[in-house]
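Undergrad: sequence first, then the predicted structure:
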Amino acid sequence: MLELSGITAGYGHFTALWDVSLRVAEGEAVAVVGPNGAGKTTLLRVISGLIAPRTGRITFEGAEVAGHPAYDIVAHGVAHVPEGRRLFPGLTVADNLKMGAFLPSARGHYRESLERVYTLFPVLAERQDQRAGSMSGGEQQMLALGRAIMSRPKIILLDEPSLGLAPVMVLRVFDLIRRVREEGYTILVVEQNVRQVLKLVDRAYLLEVGRIKMEGRADQLAEQDFVRKAYLGV
Amino acid sequence: MIDPIFLVEAAINGILLGGVLALLALGLNLIFGVLDIVWIAYVDLVMLCMYAIYFLNAVYGWPIWAAGVASLGVGTLLGVGVHLLIISPILTSAPINQLLATGGLLFFLQSFATFLWTTDHKTVRLSLPSYEVAGIFLPATRIIPFAISILAVIVLYLFLTRTYIGTAIRAVSQDRDAMALMGANPQRVYIVTSAVGGAMAGLAGALLIIQYSVHPFFGAQFGPLTFMVCVLGGLGNMVGAFIASFIMSEIIAIGGVVISTEMGYVIAFVVFIIMMFVRPGGILARRQ
């Protein structure tokens, strides 16, 4: 479904990704794990078009999308939940969800998408008139996921969904993602919380200083000595 | 001692002036909120629209309402034109360059208008009735612009809260990149915003020419006041700008009757300066 080959990207003179290749099949949940500064966020920003890669190819469902602007890539069915959620803080929950359905193709299904999101996250239905900025971190993550679903995506990119949340909320957020997953969405998630995310996904890539260092099935990766020592602390 | 009836009349005049002022301030503020650029020459676009109405009405004999509608179109085109020709190329430049560019446009438009149409004051002749209610004098040349302004503000409110593109305009002003991730082409949102801001300038022009004559320096008459209202309300804050319009117009109107017209403006500017010390973020900003 999504395939990256030989992606090199960065900001100015700084190169954050070196020759990165990865693929996500339809219906799969894939994680990219790695330490802070490994290039995980850059990876997602390249896929969703917020920055253009210097070299390499990105194909989504067979179509070349590398270098396309973000508003065009989302129309292909790629929803990006960015780092820090990036909600519209001054807008209500309902308006945030409405903006999720901004794409002409999504507007026609606004009602049914909204119902779907409210069934998945009933709290959002109760809070629909509240300003997004006044909600708790966990609720905001819920809204960010809901807003992504409103665009009727084929794949959802999640950037550090557990970042900045209290430990108890971290578990809840992974539970939310599991619920989204069970709805049948294809997911590509980048996370620092390796232990939790490996329980959630089918496959994972290990990214270190801009390069893919390892890849494999999540359970196998979790058993590698290297990963256990460096990321799982056992 | 001033007859209380004059104070009441001044207060009503203040409200009536506030309506049109609100239209100007909301137009400028809308553009600032989304693009983060102050169109210093905003009221000079209003001036061009007023000339358009003057020529259509007084020279070509169009009915005033048709000239007013045409002014909306002229304003919309000017708004889009200013965005594409001046703002778009410098969108990522340093703020000082953006200020200089829109400031340069102001001098260009003033000189251009002087060159083409001389500094003569041009007036649209309208015979509208005046009403007297309980000894208070209410001219239709003020009531009609006020009513249309309020109507336009309501339409703007509905546009910004009920439509996808209107909500997107508010969303872009909060997070540009996030709105791109929702599938909105930022450039398109900017053009729509500039078009709406321009249309508001066109409408304001139509409402102002009923009460004032137009000349190349009309922008200097209302520009600083409009800018002050925006800052007082909190730049980009639409509700704040709406309230601030009426505060300023009341001070000017009542100060004008109690002391003198000039002093009305002086008091308004002094209040503005004091407010900048007390509430630098605007009247509705939360205290730090």
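TA: Nice, I can see it.
Undergrad: what does stretch B:163-173 rub up against?
TA: A:88, A:90-91, A:95, A:98-99, A:102, A:107, B:30, B:33-34, B:158-161, B:178-179, B:182, B:184, B:186, B:189-190, B:192-193, B:196, B:236 (CB atoms under 8 Å, 6 or more residues apart in numbering or on different chains). Heads up, the C-betas are built off the backbone N, CA and C, glycines and all.
Undergrad: hmm, which of these are the buried ones?
TA: A:88, A:90-91, A:95, A:98-99, A:102, B:30, B:33-34, B:160, B:178-179, B:182, B:184, B:186, B:189-190, B:192-193, B:196, B:236 (16 or more other CB atoms under 10 Å in any protein chain shown).
Undergrad: how about the residues of chain A near chain B?
TA: A:48-50, A:69-71, A:74-75, A:79-80, A:82, A:86-91, A:95, A:98-100, A:102-103, A:106-107, A:147, A:151 (CB under 8 Å from any CB of the partner chain).
Undergrad: from those residues, which land in helices?
TA: Among the residues of chain A next to chain B, the residues falling in helices (DSSP state H) are A:Ser48, A:Ala70, A:Tyr71, A:Asp95, A:Lys98, A:Met99, A:Gly100, A:Ala106, A:Arg107, A:Arg147.
Undergrad: which two among those residues are spaced furthest apart?
TA: A:Ser48 and A:Asp95 (21.8 Å; CB to CB).
Undergrad: right, and A:Leu176 touches A:Gly146 too?
TA: No. With contacts counted by CB atoms under 8 Å, A:Leu176 stays clear of A:Gly146, the gap being 9.6 Å.
Undergrad: which of these two has more neighbours?
TA: The neighbour count for A:Leu176 versus A:Gly146, taken as other CB atoms under 10 Å in any protein chain shown, is higher for A:Gly146 (26 against 19).
Undergrad: show me where chain B has strands.
TA: Here chain B has its strands, by DSSP state E, at B:130-133, B:136-139.
Undergrad: possible to save those strands as JSON lines with distance to A:Gly6 and mean neighbour count?
TA: Below are the strands of chain B laid out as JSON lines (distance: least, CB to CB, whole Å; neighbours: other CB atoms under 10 Å in any protein chain shown):
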{"stretch": "strand B:130-133", "distance to A:Gly6": "77", "mean neighbour count": "9"}
{"stretch": "strand B:136-139", "distance to A:Gly6": "74", "mean neighbour count": "14"}
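Undergrad: find the residue closest to the most centrally placed residue in chain A in space, skipping its chain neighbours.
TA: By CA atoms, centre = their mean, chain A has its centre lying nearest to A:Leu158, at 1.4 Å. The shortest distance from A:Leu158 to any non-neighbouring residue, by CB to CB, 6 or more residues apart in numbering or on different chains, is to A:Val189 (4.2 Å).
Undergrad: confirm that that neighbour sits in a helix.
TA: No. Counting by DSSP: H, G, I helix; E, B strand; the rest coil, A:Val189 falls outside a helix, being strand.
Undergrad: that one and A:Leu163 touch, don't they?
TA: No. Using CB under 8 Å, A:Val189 makes no contact with A:Leu163, being 11.7 Å away.
Undergrad: of the two, who's got more company?
TA: Taking other CB under 10 Å, A:Val189 and A:Leu163 do not tie; A:Val189 has more neighbours (26 against 17).
Undergrad: which ones are touching that one?
TA: A:Ala29, A:Val30, A:Ala31, A:Val32, A:Leu157, A:Leu158, A:Pro161, A:Ile177, A:Val197, A:Leu200, A:Val201.
Undergrad: mind checking how far the first one is from A:Ile177?
TA: In this structure, A:Ala29 and A:Ile177 are separated by 8 Å, where distance is defined by CB to CB, to the nearest Å.
Undergrad: list residues touching both of the two?
TA: Joint contacts of A:Ala29 and A:Ile177 (CB under 8 Å, 6+ apart) are A:Ile187, A:Val189, A:Leu200.
Undergrad: picking that back up, so which of the contacts of A:Val189 sit within strands?
TA: A:Ala29, A:Val30, A:Ala31, A:Val32, A:Leu157, A:Leu158.
Undergrad: from those residues, pick the one nearest chain B.
TA: Set against chain B, the nearest of those by CB to the nearest CB is A:Leu157 (9.5 Å).
Undergrad: so that closest one is in contact with A:His80, correct?
TA: Yes. Contact criterion CB under 8 Å: A:Leu157 and A:His80 qualify, at 4.5 Å.
Undergrad: mutual contacts of these two, please.
TA: A:Leu44, A:Ile47, A:Ser48.
Undergrad: how about JSON lines for the contacts of A:Val189, with pLDDT added?
TA: Formatted as JSON lines, the contacts of A:Val189 follow (pLDDT from 0 to 100):
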{"residue": "A:Ala29", "pLDDT": "94"}
{"residue": "A:Val30", "pLDDT": "95"}
{"residue": "A:Ala31", "pLDDT": "94"}
{"residue": "A:Val32", "pLDDT": "94"}
{"residue": "A:Leu157", "pLDDT": "96"}
{"residue": "A:Leu158", "pLDDT": "95"}
{"residue": "A:Pro161", "pLDDT": "90"}
{"residue": "A:Ile177", "pLDDT": "91"}
{"residue": "A:Val197", "pLDDT": "90"}
{"residue": "A:Leu200", "pLDDT": "90"}
{"residue": "A:Val201", "pLDDT": "93"}
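Undergrad: and A:Arg217, how close does it get to chain B?
TA: Counting by CB to the nearest CB, to the nearest Å, the separation of A:Arg217 from chain B is 30 Å.
Undergrad: hmm, I was thinking of A:His109
TA: Applying CB to the nearest CB to A:His109 and chain B gives a distance of 13 Å.
Undergrad: phi first, then psi, for that residue.
TA: phi -110, psi 20 (degrees, to the nearest 10).
Undergrad: residues contacting it?
TA: Taking CB under 8 Å, 6+ apart as the test, what A:His109 contacts is A:Ala101, A:Arg152.
Undergrad: could you report the pLDDT at it?
TA: A:His109 is assigned 94 on the pLDDT scale.
Undergrad: ok, for A:Arg203, nearest residue in space, not its chain neighbours?
TA: Per CB to CB, 6+ apart, closest to A:Arg203 is A:Val30, 5.0 Å.
Undergrad: okay, now the one you found: neighbour count?
TA: 22.
Undergrad: what residues are up against the closest residue to A:Asp159 other than its chain neighbours?
TA: Leaving aside its chain neighbours, A:Asp159 sits nearest to A:Glu83 (4.2 Å; criterion: CB to CB, 6+ apart). For A:Glu83, the contacting residues are A:Thr41, A:Asp159, A:Glu160, A:Leu163, by CB under 8 Å, 6+ apart.
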